[in-house]
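K.L.:
Just a sequence and a predicted model for now, questions to come.
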Amino acid sequence: MSGIYPYKTDAMQRILHLVSHGYTHYTTGEIPNKKVEALTLKFRDRYRTNATRQQRYRNKQKNQANANLVLWQQDENTVRWWLLVTQGEGLIFDLEKLNDTTNKKTPSVS
């Protein structure tokens, strides 16, 4: 299971790092703690969020999208998640409604 950031600032720093490295599409949501493992496994299975650095490099060379999952422990019962995606081809663009990080009209996360 992916690590869950305990502090919002740490999660935001990770998101900023990913966006600066080409992850220009995203979707987000909140889930109860008990569903985090199922969500993580779903994203690993469908979008390869656990790909190694070398696998991500090869995907980029083949024009395939890479995905990365960021989790933040919002409160004692809730985890907020962000699924960030690079440009390229992939199933994720068909299955998820993705927002564009470069769109200045995108609502901010509070």
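P.N.:
Ah, there it is.
K.L.:
And the strands in this structure?
P.N.:
Remark: strands assigned in the chain by DSSP state E are 4-5, 25-32, 67-73, 78-85, 99-100.
K.L.:
Each with direction, which strands does the second one pair with?
P.N.:
Right, the one you point to is strand 25-32. For strand 25-32, the paired strands and their directions (DSSP bridges) are strand 78-85 (antiparallel), strand 99-100 (antiparallel).
K.L.:
neighbours around the nearest residue to residue 85 once chain neighbours are set aside, how many?
P.N.:
Leaving out its chain neighbours, the residue that sits closest to residue 85 by Cβ to Cβ, 6 or more residues apart in numbering is residue 25, at 4.3 Å. Quick note: C-beta positions are derived from backbone N, CA and C, even for glycine. Residue 25 has 21 neighbours, counted by other Cβ atoms under 10 Å.
K.L.:
And the residue positioned nearest the centre of the chain, how close does it get to residue 76?
P.N.:
Most central in the chain under Cα atoms, centre = their mean is residue 83, positioned 2.0 Å from the mean C-alpha point. To residue 76, residue 83 is 23 Å away according to Cβ to Cβ, to the nearest Å.
K.L.:
quick one, helices of the protein?
P.N.:
8-20, 36-47, 53-61, 92-95 (DSSP state H).
K.L.:
Can you lay out the strands of the chain as JSON lines showing distance to residue 59 and mean pLDDT?
P.N.:
Putting those into JSON lines (distance: least, Cβ to Cβ, whole Å; pLDDT from 0 to 100) gives the following:
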{"stretch": "strand 4-5", "distance to residue 59": "25", "mean pLDDT": "95"}
{"stretch": "strand 25-32", "distance to residue 59": "15", "mean pLDDT": "96"}
{"stretch": "strand 67-73", "distance to residue 59": "10", "mean pLDDT": "96"}
{"stretch": "strand 78-85", "distance to residue 59": "11", "mean pLDDT": "96"}
{"stretch": "strand 99-100", "distance to residue 59": "20", "mean pLDDT": "90"}
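K.L.:
in stretch 75-83, what's buried?
P.N.:
Neighbour counts over stretch 75-83 (16 or more other Cβ atoms under 10 Å) mark 79-83 as buried.
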